[in-house]
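Undergrad: what shape does this take:
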Amino acid sequence: MKTHHPRKDHKGRLVPIDRPHQPSNLETWSRADQHATVTPDSPMPAKVAGLSIASWSHVPANNAGWEELAQLEAFDEPARKVVHGKPPASGAVVVEVDDRVWVVSPSNSFGGYSNTFPKGKVDAGLSPRANALKECFEESGLQVELTGFLCDSERSTSVTRYYLARRVGGNPADMGWESQAVHLVPISQLTKFASHTNDQGILEALNTKLAG
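TA: Next up is the predicted model:
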């Protein structure tokens with residue numbers, strides 16, 4: 001049954017959701033071998049993998065705030081891959097301490113993605129790292145810390161730099177209008193779950209990084 005996202009889009013319009021997801025039972029979140037799903041504003045347990053679930057109360061209000069957070073993260077990364085006609089984007093693969101990975105479902109499978117990782121084109125005035133932090137919050141409701149470079153992915157309309165990240169706060173039920181569900185998925189299930197062709201290279205990079 002069609003419903004509407006509780007958050008309006010960037011133009012202040014209601015966003016109809018044609019095929020809403022169903023949230024998981026709360027106990028599923030404590031099972032590292034289980035895939036758990038949350039929908040906008042649906043209940044969450046007090047903790048997941050030992051870390052509290054709580055809305056981020058001091059979200060940066062401007063680019064300067066996002067850049068300040070990004071500057072706290074010290075790691076090396078290679079020069080960005082540039083492809084003519086494809087603007088830069090950035091995002092993150094957020095790995096939980098129980099070896100599950102956070103995945104978002106774009107509203108109405110936008111861009112042909114049933115499930116994917118948080119990302120977006122780099123906003124003017126933002127570095128790729130700051131943009132990745134911002135996109136993760138907007139699409140998943142999570143406050144994350146970037147822990148390293150993962151890969152560059154040439155996609156349909158952009159070249160996206162992906163970082164590895166870990167959750168340090170936030171509540172996935174606070175996802176913005178661009179996502180209709182957020183999932184925590186065991187790594188062993190990611191290949192089938194994030195099945196879009198554009199994401200296969202990211203999964204390969206993730207498996208290589210974790211194996212190392």
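Undergrad: now do the helices in the protein.
TA: Under the criterion DSSP state H, helices of the chain are mapped to 63-70, 128-140, 190-193, 200-211.
Undergrad: out of the ones you listed, which is closest to His4?
TA: When these are compared by CB to CB, helix 128-140 sits nearest His4, at 17.9 Å. In this view, the C-beta of every residue, glycine as well, is placed from N, C-alpha and C.
Undergrad: how far is that closest one from where the chain is centred?
TA: Here helix 128-140 shows a centroid-to-chain-centroid distance of 8 Å under the convention CA atoms, centre = their mean, to the nearest Å.
Undergrad: CA atoms of it as PDB?
TA: C-alpha atoms of helix 128-140 as PDB (Å, rounded to 0.1, in the frame of the first residue of the first chain):
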ATOM      1  CA  PRO A 128      34.900  14.500  -0.600                       C
ATOM      2  CA  ARG A 129      35.400  13.400   3.000                       C
ATOM      3  CA  ALA A 130      33.000  16.100   4.400                       C
ATOM      4  CA  ASN A 131      30.500  15.200   1.700                       C
ATOM      5  CA  ALA A 132      30.700  11.500   2.600                       C
ATOM      6  CA  LEU A 133      29.900  12.300   6.200                       C
ATOM      7  CA  LYS A 134      27.000  14.500   5.200                       C
ATOM      8  CA  GLU A 135      25.600  11.900   2.800                       C
ATOM      9  CA  CYS A 136      25.800   9.100   5.300                       C
ATOM     10  CA  PHE A 137      23.800  11.100   7.800                       C
ATOM     11  CA  GLU A 138      21.200  12.300   5.300                       C
ATOM     12  CA  GLU A 139      20.600   8.900   3.700                       C
ATOM     13  CA  SER A 140      21.000   6.600   6.800                       C
END
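Undergrad: now it: mean pLDDT?
TA: Averaging pLDDT along helix 128-140 gives 98.
Undergrad: quick revisit: let me have the helices of the chain in JSON lines, extended by mean neighbour count and distance to Asp76.
TA: As requested, the helices of the chain are exported to JSON lines (neighbours: other CB atoms under 10 Å; distance: least, CB to CB, whole Å):
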{"stretch": "helix 63-70", "mean neighbour count": "16", "distance to Asp76": "14"}
{"stretch": "helix 128-140", "mean neighbour count": "26", "distance to Asp76": "12"}
{"stretch": "helix 190-193", "mean neighbour count": "16", "distance to Asp76": "26"}
{"stretch": "helix 200-211", "mean neighbour count": "15", "distance to Asp76": "14"}
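Undergrad: Thr28: which of those helices is closest?
TA: Closest to Thr28 of the helices of the chain is helix 190-193 (CB to CB; 14.7 Å).
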